[in-house]
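[1] how would this look folded up:
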Amino acid sequence: MYELFVLGELMTGEKHGYMLQDVLKNAVGQGRKISSGTLYPLLSRMVEGGWIRLREEEETAGGRTKKIYEITPSGEERFQRLMAEPFDPVYDADTQNTLRFKMVYFRYVPKEVRLACLDQYLRLLEQSLAHVARFEAYLLAERPEPEKQRVQLLRTFDHRKRLGEVEAEWIREEIERVREQQD
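    Take a look at the predicted model:
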């Protein structure tokens, strides 16, 4: 997921490591953090893999070198493959974050890749909603004990169902919007 983010950000132009970390920190949300200990080894692996290039420049203020990263043609190919890559078959928070990252960089991929991404995400979301509905039906029919826990589980599933239904509707609308776009 973070590799996709780095390549996507570098598709927009070169960036220094601190800027990548700052943008990524804001992109993943308040609950998740990306540390320098995670980002910089990833950047090093991507340089070694030939997907990005590192250029160092002297900074005038403190005399420290500024590390500037840019995407290579091999990195652009890797980016296209990652954008077209299917999601993991489990709908979870990582799937949601991956969709968000992909959507930010949709302008760099063909329409059919955007549609395939949205269609697959919608299928995963619908499978998740079906699972919630099945378990909810079980709780209502079988009425397992303790009752207080069952009632709270039903409230939790109602919350998940409502959020999922709103998200599914938004994704359906987005699919239609992308279909109508000129490529």
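[2] Tell me the helix or strand right after the host helix or strand of residue 97.
    Per DSSP states H and E: residue 97 is located in helix 93-104. Toward the C-terminal end, the helix or strand that comes next after helix 93-104 (DSSP H and E) is helix 111-142.
[3] just to revisit the earlier point, for the helix holding residue 97, name the packing helices and strands.
    Other helices and strands packing on helix 93-104, by 3 or more Cβ pairs under 8 Å, 6 or more residues apart in numbering; DSSP states H and E, are helix 2-11, helix 17-28, helix 111-142. Where C-beta positions appear, they are placed from N, C-alpha and C, glycine not excepted.
[4] how far is the last one from where the chain is centred?
    If I follow you right, that is helix 111-142. Mean-position distance between helix 111-142 and its chain equals 17 Å (Cα atoms, centre = their mean, to the nearest Å).
[5] same thing with the second one?
    Computed by Cα atoms, centre = their mean, the chain-centroid distance of helix 17-28 equals 14 Å.
[6] picking that back up, rounded mean pLDDT for the helix holding residue 97, please.
    The average pLDDT for helix 93-104 rounds to 91.
[7] Okay, angle between it and helix 2-11 too, please.
    On the basis of axes from the mean of the first three to the mean of the last three Cα atoms, to 10 degrees, helix 93-104 is oriented at 10 degrees to helix 2-11.
[8] Mind listing what's buried along helix 93-104?
    By 16 or more other Cβ atoms under 10 Å, the buried positions in helix 93-104 come out as 95, 97, 98, 99, 101, 102.
[9] Same question for stretch 173-180.
    Here stretch 173-180 shows 174, 175, 178 as buried, counting by 16+ other Cβ under 10 Å.
[10] what does that stretch contact?
    Residues from elsewhere that reach stretch 173-180 (Cβ atoms under 8 Å, 6 or more residues apart in numbering): 106, 111, 114, 115, 118, 119, 122.
[11] so how far is it off the chain centroid?
    Stretch 173-180 sits 19 Å away from the centroid of its parent chain (Cα atoms, centre = their mean).
[12] Can you name the next helix or strand after the lowest-mean-pLDDT helix or strand in the chain?
    Within the chain, confidence by mean pLDDT, DSSP states H and E is lowest for helix 17-28 among all helices and strands, at a mean of 81. On the C-terminal side of helix 17-28, the nearest following helix or strand under DSSP H and E is helix 36-48.
[13] Alright, I will stop here.
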